[in-house]
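Visitor: Would you be able to build a 3D model of this:
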Amino acid sequence: MRERLPESGFDVVVIGAGVIGLSIAAMLGKPGRSVLVCEREPAVARGITSRNSEVVHAGIYYPAHSAKAELSVRGRELLYAWCREKRVEAKRLGKLIVATRSEEEAILDDLLARGLANGVVGLELIDAKEISRLEPAVSARRALLSRETGIVDGHGLCLSLLAAAESQGVVLSVESRVRAIESRAYGWSIEVEGAGERIERIDAGLVVDAAGLEADRVAGLAGLDVDRLGWRQYPCKGDYFSLGASSGIELRHLIYPVPQEAGLGIHATLDLANHIRFGPDVRYVDTIDFEVDPAKAADFHGAISRYLPGLRERDLQPDYAGIRPKLAGPGEGFRDFVVEECSAHGAPAFVACIGIESPGLTAALAIAERVAGWVSG
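Guide: Below is the predicted model:
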């Protein structure tokens, strides 16, 4: 018989207060259920969430029936609805995936078929004349137009999720890094290091691992063999450059090349103030470093000028870098999100959210919906 959770414990402890952890907390919070969110940083959304392009993806690129495809399509619907209700700024700008060479045109056909198989709406193949009408600065032979792709105020989204969670009694504990997790008959006992090296124990009926770059470490603390399961994360850095104000280049859509081996290629995105930035490139790293090398401008210019011929190298300015937790190592193929309740792996009442890279922001509310189904089921 399962022991009763101690009175001082929480029904659910969510580890990580990025967009994934906050979405889960917001969806799990309700009267009669105690939820704690532990975040190692001094504030929410300081990790992966703070360093992404804030693009709302349509769900085109991913294999049919994969978690990335299903959660992206469902998550986009939930995200736009949430933003309307909570008055978080979001815009459906649309995106052009452009083929600049004849051999790339067949890739667009494949992407259209894949997007339709995934249930993506608002897709259309367009020719060079229509590309020029929509985006005079862009040069391409053919493009796939995705009308549902957009951008969102990522930080505003996280603050709205936190407000929704706290309104339901969810407790946030910042500067709380998880050091140990031990199985108990009632669930889990978690050792947390707080500010000033203060150590405390927290009891939990269920643990949700949404720890971003540390998600594999946290899973390992719970006794999961992340290497055997294929859940080891590989930090992958992407740099961004911004477009100088004197360039004279204007865009109304997001512009993506056809996808590359380890990513979606160096693409052009807009923020909510219509500023243009380019990135990311892809480089696996061993250390966490967010510096952007200005010398990379030449490589960025070479890639971008294929579809934006009016761009000058001097128009590019180093902007920021992000690091994503990829499950696919260098040279490996597609790897899906891990969003899994771990009873089958010997860790009941432990939910692993591992390898949540792009389109994690888009998928966040759908991931939360899936987790909530397990908790309520």
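Visitor: CA only for contacts and neighbour counts going forward, please
Guide: OK.
Visitor: what about Leu224, neighbour count?
Guide: 20 (other C-alpha atoms under 10 Å).
Visitor: that's a helix at it, yeah?
Guide: No. Using DSSP: H, G, I helix; E, B strand; the rest coil, the secondary structure at Leu224 is coil, not a helix.
Visitor: any idea of the pLDDT on it?
Guide: Note on Leu224: pLDDT of 98.
Visitor: give the contact list for it.
Guide: Leu224 makes contact with 345-347, according to C-alpha atoms under 8 Å, 6 or more residues apart in numbering.
Visitor: and for the lengthiest helix in the chain, what are the contacting residues?
Guide: Ranked by number of residues, the top helix in the chain under DSSP state H is helix 67-86. By C-alpha under 8 Å, 6+ apart, the surrounding residues in contact with helix 67-86 are 56-64, 88-90, 118-120, 157, 160, 336-337, 359-360, 362-367.
Visitor: picking that back up, quick one: buried ones out of the contacts of Leu224?
Guide: Ala347 (16 or more other C-alpha atoms under 10 Å).
Visitor: Ile48: which of the contacts of Leu224 is nearest?
Guide: Here the nearest of the contacts of Leu224 to Ile48, counting by C-alpha to C-alpha, is Ala347; it sits at 26.0 Å.
Visitor: Next up, the contacts around the closest one.
Guide: Neighbours of Ala347 in contact, by C-alpha under 8 Å, 6+ apart: 183, 222-224.
Visitor: Of the contacts of helix 67-86, which belong to helices?
Guide: 157, 160, 360, 362-367.
Visitor: re the thing from before, show me which pair in the contacts of Ala347 is furthest apart.
Guide: Farthest pair in the contacts of Ala347, by C-alpha to C-alpha: Ser183 and Leu224, 11.5 Å.
Visitor: returning to that earlier point: could you flag which of the contacts of Ala347 are buried?
Guide: Using 16+ other C-alpha under 10 Å, the buried members of those are 183, 222, 224.
Visitor: If you drop the residues flanking it in sequence, what lies closest to the second one?
Guide: With C-alpha to C-alpha, 6 or more residues apart in numbering as the criterion, Ala222 has its nearest non-adjacent residue at 5.2 Å, and that residue is Ile181.
Visitor: my guess is the one you found meets Ser189, correct?
Guide: Yes. Using C-alpha atoms under 8 Å, Ile181 is in contact with Ser189, at 5.8 Å.
Visitor: Residue ranges in this protein under the pLDDT threshold?
Guide: 1-7, 261-263, 377 (pLDDT under 70).
Visitor: Go again with 90.
Guide: Regions of the chain meeting the criterion pLDDT under 90 cover residues 1-8, 195-198, 245, 259-265, 331, 375-377.
Visitor: So what are the structural domains in it, by residue number?
Guide: 10-51+155-232+334-376, 95-147+234-326 (automatic domain parsing).
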